[in-house]
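Asks: sequence isn't available, so here's the structure alone:
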C-alpha cells in the first residue's frame, strides 16, 4: 500500500491521536527517518504556539530512529532539539553515535539553544481563555518569491513577539512542506495573532440565555396567579403545559348538566310557570347546579364560565305577562277561543 507523505494541513490541523497514528503508519511503510524528524520538528513548532498539548508526540519512534538508525546529516542537524526525549545515559549514546567530535555537537547546541528554549516553554492553559479562540496569521514567501498566508488555529494569545518570530523562523528550515514541488516556507514576512471567536455563536448563546430568563419569569407569574386563584389552576394549564389539563370525565358531566338545565328552563317559560325555586326575578346568568352526589367535587363558578362555549342570558317574564299567556292558552283550548279570532279581526278592521 502506497502511503502519501503528510501535508501541511494534516501536521498543523489533526488531533493528537490521529496525527500520531498517521505518522507511525507512514514510517512503517516508508522507513523515511529524515521525514519523521522534520514532522517531529513541525509538531514541536505547533505545540509551542497553540494552547493544546502536542508535546512528546511519537516518542518511541524518535527514540528508535536516534538510537538505531544510520546517522545522517538531517539527524545531526536537529539532534539537540530532541534531548528531552532521552535520559542522561541514552543521550550520551546518541551524541557518541552521531558526533565523533563533541565540539561539533556543542557548537550546534549553542546555535539551536534559543529555539530549544522556546519550543519547551509551556503555553497558556485553555481554561484561562474563558471560551475565546485565537489564530495565528502569518505571511510567508515561497521558493518562487511568491507570498502566501498560513493560519494556525488555537493559538496562544499571550505568546511574546520574539518567541513567535523565532519559532516561525525555525519553520523556514524545514523542507517537507511543498506545493507543486515548490517549498512553501522559505521566509517569514509578518505574523499576528487575532481573536477569531465566532460572533454568531456568542450572540446565539446570549439570545438563549435571555429566552430562558423570560420563561422563568412567566413561570413565576403563573405560580403566583395559581396561589391567589387555586380554582383556576386548570384554566391556566391550557396555556402552560406544566399544569394539568381539565379532566375529561368532569367535562362530560358539566356538559350534561348544562343541557338539562337549559331544557328545563325553556319548558318552564313556554308553559308560563314561575321561576324555579331559589332563582332571582332579576336579570341573571344561567349557572350549573351542584352535583347531587356527595362524592363529586363542587364545580368552580369561575372555571365553569371559562369552559362553557356559550352563555345564555334570559329575562324572567313578569307575573302579569305570565297570567295573560296562561289565560290565552286556556282560551285556545275551548270552542269559544277558536271562534273568537275572526270576530276580533273584523272589529279591528271596522276601526
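Replies: Nice, thanks for sending it over. Just so we're clear, the structure is a prediction, and the values are computed from it rather than from any experiment. Numbers count the residues shown, from 1 in each chain.

Asks: just checking, which helix or strand of the chain averages the lowest pLDDT?
Replies: Of all the helices and strands that make up the chain, the one with the lowest confidence by mean pLDDT, DSSP states H and E is strand 284-285; it has a mean of 42.

Asks: where do the helices of the stretch 101-250 of the chain begin and end?
Replies: In chain order, the stretch 101-250 of the chain shows helices spanning 102-120, 161-171, 199-228, 233-237, 248-271, with DSSP state H, counting those that start in this stretch as the criterion.

Asks: what comes up buried for the second one?
Replies: By neighbour count on 16 or more other CB atoms under 10 Å, the buried set for helix 161-171 is 163, 164, 166, 167, 168, 170, 171. The C-beta positions use only the backbone N, C-alpha and C, and glycine is treated the same way.

Asks: now those residues as CSV including pLDDT and distance to residue 36?
Replies: Shown next, in CSV, are the buried residues of helix 161-171 (pLDDT from 0 to 100; distance: CB to CB, whole Å):
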residue, pLDDT, distance to residue 36
163, 94, 25
164, 94, 26
166, 94, 23
167, 95, 20
168, 96, 22
170, 95, 17
171, 95, 17
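
Asks: between those residues, which is closest to residue 91?
Replies: Nearest to residue 91 out of these is residue 170 (CB to CB; 21.1 Å).

Asks: one step back: may I ask which two of the buried residues of helix 161-171 are separated the most?
Replies: With CB to CB as the measure, no two of the buried residues of helix 161-171 lie farther apart than 163 and 171, at 13.0 Å.

Asks: mind checking how far the nearest residue to residue 184 once chain neighbours are set aside is from residue 111?
Replies: Spatial nearest neighbour of residue 184, chain neighbours left out: residue 177 (4.4 Å); criterion: CB to CB, 6 or more residues apart in numbering. With distances defined as CB to CB, to the nearest Å, the gap from residue 177 to residue 111 amounts to 22 Å.

Asks: which one of these two is surrounded by more residues?
Replies: The neighbour count for residue 177 versus residue 111, taken as other CB atoms under 10 Å, is higher for residue 177 (21 against 11).

Asks: OK, contacts around the more buried one?
Replies: Contact partners of residue 177, counting by CB atoms under 8 Å, 6 or more residues apart in numbering, are 7, 8, 11, 42, 183, 184, 185.

Asks: counting neighbours, which of these comes out on top?
Replies: Of all the contacts of residue 177, the most densely surrounded is residue 185 (25 neighbours; neighbours counted as other CB under 10 Å).

Asks: that one and residue 11, how far apart?
Replies: To residue 11, residue 185 is 12 Å away according to CB to CB.

Asks: residues in contact with residue 178?
Replies: Counting by CB under 8 Å, 6+ apart, residue 178 makes contact with residue 184.

Asks: i'd like the first residue to be 426 from this point on
Replies: That works, and once the first residue is 426, the last one we named lands at residue 603.

Asks: out of the helices of the stretch 526-675 of the chain, name the one with the poorest average pLDDT.
Replies: Comparing mean pLDDT across the helices of the stretch 526-675 of the chain, the weakest is helix 658-662, with a mean of 48.

Asks: which stretches of this structure have low pLDDT?
Replies: 426, 624-740, 759-776 (pLDDT under 70).

Asks: how is it partitioned into domains?
Replies: The record assigns the chain these domain ranges, following automatic domain parsing: 433-555+583-604, 625-662, 673-742, 745-775.

Asks: circling back to that earlier point, among the contacts of residue 602, which pair sits farthest apart?
Replies: Maximum pairwise distance in the contacts of residue 602, criterion CB to CB, is 14.8 Å, between 436 and 608.

Asks: re earlier: restricted to strands, list the contacts of residue 602.
Replies: Residues of those located in strands (DSSP state E): residue 608.

Asks: wait, which of the contacts of residue 602 is closest to residue 583?
Replies: residue 467 (22.2 Å).

Asks: report the contact partners of the closest one.
Replies: 436, 437, 596, 599, 601, 602.
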